[in-house]
Each structure stands twice: as C-alpha cells, then as structure tokens.
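>>> give me coordinates for this.
(2 chains)
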Amino acid sequence: MKFAIMINEGVYQHQSTDSAYQFVKAAIEKGHEVPRVFFYHDGVYNASSLTDPPKDDRNIVMRWAKLAKEHNIDMVVCVAAALRRGIKEENLAEGFRISGLGQLVEAGIQADRLVVFGD
Amino acid sequence: MTESTGGIDFEDEDASGVIKKFMFVNRKAPYGTIYALESLEVVLISAAFDQDVSLTFMDDGVYQIVKGQHTKAIDVKNFSPTYRALEGYDIEKLYVEKESLEQRGLTEADLLVDVQVMSSAEIAKIMSEQDVVISF
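Numbers count the residues shown, from 1 in each chain, chains lettered A, B, ... in the order given. Here you go, the predicted structure:
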C-alpha cells in the first residue's frame, strides 16, 4: 500500500512526529511504500537545521533525514507555514524541500491512504 | 503537476482526472491556535485540484463559522469572511455536527454560512465514505 503522511506538530513538545516516524518506519519494514511526508502547522519545525538536542536524546530532524535518504521519501515542508515560523532555505535541514500545499493535496489524491499525525 | 513531485514514486501516475472525496474536519476554535486559519488555506488550495471537497465543523470548530466575530482587541485577523467565499470555489458541502452546536447553546441561525446540520451518527456515515479525511 502507498501511504502519504501529514505531520502537524513540532518537535519534542508533542509526540505526533515521533509516532509518525515510527509509523513510517514500520510501514516500510512491512513492505509498504511511503512516497511523501508533508509537514504543516508547527510540523515545519521538523525541518529546522538549527535544532540541536542534548546528545542523550533522539535527534528528530536528523532521524527524518536519514530515513528519507534510505527510502527515497519526498519530505515536503509547506512554504507559507514555514515562512511564518522562520524556516527558510538557509536553515532547511538535509532531505527536506520547501513547496506548496498543492503537494499535500496531490499526495492525498495519489496515495492509497493519507495518515494525519496531529493534535 | 507531476514535474513538481521531485521524481518520487508518484511521477509514474497521472493524477489528472482522479476525483477523490476530501473531507476537512475542523475541531478547534478559530482563535487561540492557528489550526483553523491554516486549515482554511489547505481547503482553498484543494479547490484548485477539482476534488470533491467537504468541510465538517464539530467540537469547538463550530465557533469558526459563528457570526459576528470581532478580533481587533486581540490583534488577530478576522478570517471568518473567507468561509463565505468558499461557495465561489465550488465548495458547498459544509456539515455541522448537531450535538456540538447544542452543547454550546448555538443554532443554525448563529452561523455565517449555509450549512447542513447533522447528527454525529450521520456525519460518521459521510466520513466513512470519504477517500481522504484531514482533521485539524
């Protein structure tokens, strides 16, 4: 099955992004495809290269980058939501790209399931 | 459209002509968090994709379409007039959960757009018929 993922919450404050990450990982391990993850609302903070958590904690941003690279996941950050929150090309972490909300709607059309992680 | 997908698996599929049922579920108050405003942005974009779009308002989300919103005192933009513009985007399926209205002492007359008020069971049925449900 082809899953598209939408993440609406930021890093560390909220479990949404952790749950999404674990879902994506499990889905891929089960042989499903996850062509795109879309970051919206505070979810855009998942893409900040300025994130620098303590060493004994998980690095959410780099974890996404690694997973995306390994499995060719298109990680899209909404431009309007990103600009509101200070996420720009110059502080965009590796593996992410900034684009429009059309990418979310397109993912909803093309995937078998769109799974939303949020509050 | 396809060239913008970054060459991922989607590119071998032609999205044009596919019409899916998209339902946006609005559950939060219009101010206090940005969910309602950013939800509306997705709804407006989805209209450009010629999909079968509907909106559901439930829980505190019913406050999003209450008449007479005045936001000057909190220095936040009053975006409620945008709901009136949805019709111009051919988005005419607006569902409101009856129980949510009643629990808040509201009636259909308090709302600024034409809606269909339905019970939670009826909304659940429509929800189960959707291809994509995005909840804010």
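>>> report how many residues lie close to residue 93.
Using chain A here. 19 (other Cβ atoms under 10 Å in any protein chain shown). Every residue, glycine included, has its C-beta placed from N, CA and C.
>>> you looked at the wrong chain, it should be chain B
16.
>>> equivalent analysis for residue A:97, please.
The local packing of residue A:97 (other Cβ under 10 Å) involves 14 other residues.
>>> before we move on, what about residue B:125?
11.
>>> wait, a helix at it?
Yes. If the criterion is DSSP: H, G, I helix; E, B strand; the rest coil, then residue B:125 is within a helix.
>>> partner residues bridging the nearest residue to residue B:58 once chain neighbours are set aside?
Distance criterion Cβ to Cβ, 6 or more residues apart in numbering or on different chains; nearest residue to residue B:58, sequence neighbours excluded, is residue B:97 at 3.9 Å. Beta-bridge partners for residue B:97, by DSSP bridges, are residue B:118.
>>> and for residue B:53?
residue B:22.
>>> wait, does the top helix by length along chain A contact chain B?
The helix that spans the most residues within chain A, counting by DSSP state H, is helix A:16-29. No. Legend: contact between helix A:16-29 and chain B by Cβ under 8 Å from any Cβ of the partner chain is lacking; minimum distance shown is 12.1 Å.
>>> buried stuff in that helix?
For helix A:16-29, burial by neighbour count (16 or more other Cβ atoms under 10 Å in any protein chain shown) applies to A:16-18, A:20-21, A:24, A:27-28.
>>> ok, stretch B:35-54 next?
For stretch B:35-54, using 16+ other Cβ under 10 Å, the buried residues are B:35-47, B:49, B:51-54.
>>> check stretch A:59-68 too.
So for stretch A:59-68, counting by 16+ other Cβ under 10 Å, buried means A:60-61, A:64-65, A:67-68.
>>> ok, of the residues you listed, which one's closest to residue A:91?
residue A:61 (10.7 Å; Cβ to Cβ).
>>> what helix or strand does that closest one sit in?
helix A:60-71 (DSSP states H and E).
>>> packing partners of that helix?
For helix A:60-71, the contact count by 3 or more Cβ pairs under 8 Å, 6 or more residues apart in numbering or on different chains; DSSP states H and E identifies helix A:16-29, strand A:33-39, strand A:74-78, strand A:96-99 as packing neighbours.
>>> give me the angle between the second one and helix A:60-71.
Angle, strand A:33-39 to helix A:60-71, by axes from the mean of the first three to the mean of the last three Cα atoms, to 10 degrees: 150 degrees.
>>> what's strand A:33-39 packed up against?
strand A:2-7, helix A:16-29, helix A:60-71, strand A:74-78, helix A:102-110.
>>> same thing but at 10 Å, please
strand A:2-7, helix A:16-29, helix A:60-71, strand A:74-78, strand A:96-99, helix A:102-110, strand A:113-117 (3 or more Cβ pairs under 10 Å, 6 or more residues apart in numbering or on different chains; DSSP states H and E).
>>> in chain B, which spans are strands?
Shown for chain B, the strands assigned by DSSP state E span residues B:21-26, B:52-57, B:93-97, B:116-118, B:132-135.
>>> so residue A:13 makes contact with residue A:43?
No. Using Cβ atoms under 10 Å, residue A:13 is not in contact with residue A:43, being 11.3 Å away.
>>> what's the spacing between residue B:93 and chain A?
16 Å (Cβ to the nearest Cβ, to the nearest Å).
>>> how about that residue: which residues does it bridge to?
residue B:54.
>>> check what pLDDT it gets.
pLDDT for residue B:93: 97.
>>> swap in residue B:18?
88.
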